[in-house]
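>>> Could you work out the structure for the sequence below:
(one chain, ligands or ions: 1)
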Amino acid sequence: MNDNPIGYLDSGIGGVTVLRKTVKLLSNENYFFFSDSAHNPYGDKTDEEVIARCDEIVQLMIQKNCKAVVLACNTASAKAAGFLREKYDFPIVAIEPAYKMVHDNNPDGATLVMATKGTIESEKFHKLFYKYYNENTALMPCVGLADIIEKGDRAEIKKYLFENLAEYVGLVDNVVLGCTHYPLIKDEISAVLGDVKFFDGSVGVSKQLKRVLEKNDLLSSSQTLGTVEFVDSSADEATRIAKQKRFFELLK
Ligand code: DGL
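Numbers count the residues shown, from 1 in each chain. Okay, the predicted model is just below:
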């Protein structure tokens, strides 16, 4: 039993799509969310760069007395989870693209996996992809998409999707949202692709966190609602304030 916070890490505010599911499941826990906007996007960075940043953030989380860390970023998970688990001896829970969910729920449908270039090209994703391989799948590295979602420019998001998803119109049943920023633009994706089923790993990773905390006897015994602390790494104060405001709006 332990009331220390659970650390959440993402390259920006996208990880809120994971935290808002966890908060429903584990509402009495305290959370510390780190949004690394001084260094995003992670999707186009080398493995070494992502590992080095995640390592620094995890060290900050240790200073904050976090009892577990959730990598609420598919790119960070794909590139740094192995390194971090080897280095640290507390629980590190990592999200991954929900390709297994497609296998379990709608394997006969044509599937489009949307993720960052870094995730799609990673060894971790290749293993997952071939484990649940289905030839009726297209992989789409969405270069730049997380970045424009982070900026929140709706017109730019619509333009990006219209241009890049055009070739899949009428051909896709399942869409794997393999980046934690993408659940924020489900409506815009549906506006181009029509009636598709969405799959993302946020509920799965929240349940996994609960199992891991239980197993390590780290669940909070508090009877009251927990707190959420948000920190953004931008050097610019106005940016930090704007991110925080958007984060808490999206957390609701
Ligand atoms: N939310 C991150 C992910 O899930 C975004 C990656 C990026 O910064 O490019 O992959």
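>>> Met140 is in contact with Lys117, correct?
No. Applying C-beta atoms under 8 Å as the test, Lys117 and Met140 come out as separate, 9.9 Å apart. Bear in mind the C-beta positions are built from the backbone N, C-alpha and C, glycine included.
>>> Now do Glu49: how many residues are near it, please.
15 (other C-beta atoms under 10 Å).
>>> no, scratch that, I was asking about Tyr88
For Tyr88, using other C-beta under 10 Å, the count is 15.
>>> ok, so what distance separates it from Ala81?
11 Å (C-beta to C-beta, to the nearest Å).
>>> mind checking the longest helix of the protein?
helix 47-63 (DSSP state H).
>>> Name the residues of it that are buried.
Val50, Ile51, Arg53, Cys54, Ile57, Val58, Met61 (16 or more other C-beta atoms under 10 Å).
>>> which one is the spatially most distant residue from the centre of the chain nearest to, not counting chain neighbours?
Most distant residue from the mean C-alpha position of the chain: Gln223, 28.2 Å away (C-alpha atoms, centre = their mean). With sequence-adjacent residues excluded and distances taken as C-beta to C-beta, 6 or more residues apart in numbering, Gln223 is closest to Asn28, at 6.9 Å.
>>> Got the confidence number for Asp44?
Looking at Asp44, its pLDDT is 83.
>>> and it, which of the three is it?
coil (DSSP: H, G, I helix; E, B strand; the rest coil).
>>> Skipping its backbone neighbours, what lies nearest it in space?
Lys117 is the one closest to Asp44 (C-beta to C-beta, 6+ apart), at 6.2 Å.
>>> who are the neighbours in contact with the one you found?
Taking C-beta atoms under 8 Å, 6 or more residues apart in numbering as the contact definition, Lys117 lies against Gly43, Asp44, Pro141, Cys142, Val143.
>>> Determine which two of the residues you listed are furthest apart.
Using C-beta to C-beta, the pair of the contacts of Lys117 lying farthest apart is Asp44 and Cys142, separated by 11.0 Å.
>>> Looking at these two, which one has more neighbours?
Ranked by neighbour count (other C-beta under 10 Å), Asp44 and Cys142 place Cys142 first, with 25 against 16.
>>> sorry, back to before: which one of the buried residues of helix 47-63 sits closest to the ligand?
The nearest member of the buried residues of helix 47-63 to the ligand, counting by C-beta to the nearest ligand atom, is Val50 at 9.1 Å.
>>> so who does that closest one touch?
With C-beta under 8 Å, 6+ apart, Val50 has these contacts: Tyr42, Thr75, Ala76, Lys79, Ala80, Gly118.
>>> which bits of the stretch 1-150 of the chain sit near the ligand?
10-11, 14, 40-43, 73-75, 116, 119, 146 (C-beta under 6 Å from any ligand atom).
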